[in-house]
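# dropping the sequence and predicted coords here.
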Amino acid sequence: MSSRRSIPTRAPDLTVVVGWDNPLSTFFAQVERAQDDDDPRDPILLWIGSAVGEVAQAEQLAGPLAPYAELTSAIVEQLRADRTADADRGPSALQRTARSTFGRYS
């Protein structure tokens, strides 16, 4: 189970989502730009927390997010609460098997 929260951005054409990914045991942030279908640029400007244990503390998201959004103390507290709520739900047996099977998850 993962949490996802949209947060206010510094520019109207951006979408910023932060959360806790319990199976990967990491906080994450994604920044996406709105764009036309014919725009060849990648709409994803930032994506951190996609590897197991990559972001251990919610506060670590603040620096990379700074150009796009402010990670307030209230949001940090919400993220910590999300992690705490999932604390007793460790990765499932299938997720543990995937971690041991695929090198990047070990």
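The structure has been received and is ready for your questions.

# so where's the protein uncertain?
Scanning the chain with the threshold set as pLDDT under 70 gives 1, 89-106.

# wait, Gln30 sits on Leu46?
Yes. Taking contact to mean Cβ atoms under 8 Å, the distance of 6.8 Å between Gln30 and Leu46 places them in contact. (C-beta placed from N, C-alpha, C; glycine too.)

# need the contact list for the residue nearest to Leu61 when sequence neighbours are not counted.
In space, not counting the residues next to it along the chain, Leu61 is nearest to Ala29; the distance is 4.7 Å by Cβ to Cβ, 6 or more residues apart in numbering. For Ala29, the residues meeting the contact criterion (Cβ atoms under 8 Å, 6 or more residues apart in numbering) are Val16, Val17, Val18, Leu46, Trp47, Ile48, Gly49, Val55, Leu61, Pro64, Leu65.

# in helices, which of the residues you listed appear?
Among the contacts of Ala29, the members falling in helices (DSSP state H) are Pro64, Leu65.

# now, the contacts of Ala29 that are in strands?
The strands in this structure, assigned by DSSP state E, contain Val16, Val17, Val18, Leu46, Trp47, Ile48 from those.

# now list the buried members of the residues you listed.
Under a neighbour-count criterion of 16 or more other Cβ atoms under 10 Å, the subset of the ones in strands among the contacts of Ala29 counted as buried comprises Val16, Val17, Val18, Leu46, Ile48.

# could I get the contacting residues of the last one?
Contacts here follow Cβ under 8 Å, 6+ apart; on that basis Ile48 touches Phe28, Ala29, Glu54, Val55, Leu61, Pro64.

# quick check: the gap between it and Val31.
With distances defined as Cβ to Cβ, to the nearest Å, the gap from Ile48 to Val31 amounts to 9 Å.

# buried ones in stretch 76-93?
Residues of stretch 76-93 classed as buried by neighbour count (16+ other Cβ under 10 Å): Val76, Gln78, Leu79, Asp82, Arg83, Asp86, Pro91.

# can I get the residues you listed in JSON lines with distance to Pro40?
Output for these, formatted as JSON lines (distance: Cβ to Cβ, whole Å):
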{"residue": "Val76", "distance to Pro40": "36"}
{"residue": "Gln78", "distance to Pro40": "36"}
{"residue": "Leu79", "distance to Pro40": "34"}
{"residue": "Asp82", "distance to Pro40": "35"}
{"residue": "Arg83", "distance to Pro40": "37"}
{"residue": "Asp86", "distance to Pro40": "38"}
{"residue": "Pro91", "distance to Pro40": "37"}
